[in-house]
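**Student:** sequence plus the predicted model coming up.
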Amino acid sequence: MTKAVHLAGEEGQMTRVVDGYRNITDEQVRAGTGKNWSEWVSLLDACGGENKNFTAVSKYLMKRYGVSQFWAQVIAVYYKWEHLLGN
């Protein structure tokens, strides 16, 4: 079953398919952001990411690390769904 999550972004309400991020490799996330999955997880753990909601994580990534809205959302979905919820 495909899961969907509703994301609030600058362009308004968006729907993204959650399962799609699972196909993004370490090499692809590094090419797009300069860091791999485990580096992002470590950084988000260190800043208290487990206590932030999805929107706060995305905004933090854009402001602190300068990642695009797309990559911020991908990383936030990965972090929340895989790392914290273990899906």
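**Tutor:** Looks like it came in fine.
**Student:** and the strands in the protein?
**Tutor:** With strands called from DSSP state E, the chain shows them at 4-9, 12-17.
**Student:** pick out the shakiest of these, pLDDT-wise.
**Tutor:** Lowest mean pLDDT within those: strand 12-17, at a mean of 38.
**Student:** quick one: pLDDT of the residue nearest to Arg64 when sequence neighbours are not counted?
**Tutor:** Excluding the flanking residues, the one nearest Arg64 by C-beta to C-beta, 6 or more residues apart in numbering is Cys47, at 7.9 Å. Quick note: C-beta positions are derived from backbone N, CA and C, even for glycine. On the pLDDT scale, Cys47 is placed at 94.
**Student:** swap in Val77?
**Tutor:** pLDDT at Val77 comes out at 89.
**Student:** what do you get for Lys3?
**Tutor:** So Lys3 comes in at 41 (pLDDT).
**Student:** the bottom helix or strand of the protein by mean pLDDT?
**Tutor:** strand 12-17 (a mean of 38; mean pLDDT, DSSP states H and E).
**Student:** in the protein, where is pLDDT below threshold?
**Tutor:** 1-22, 83-87 (pLDDT under 70).
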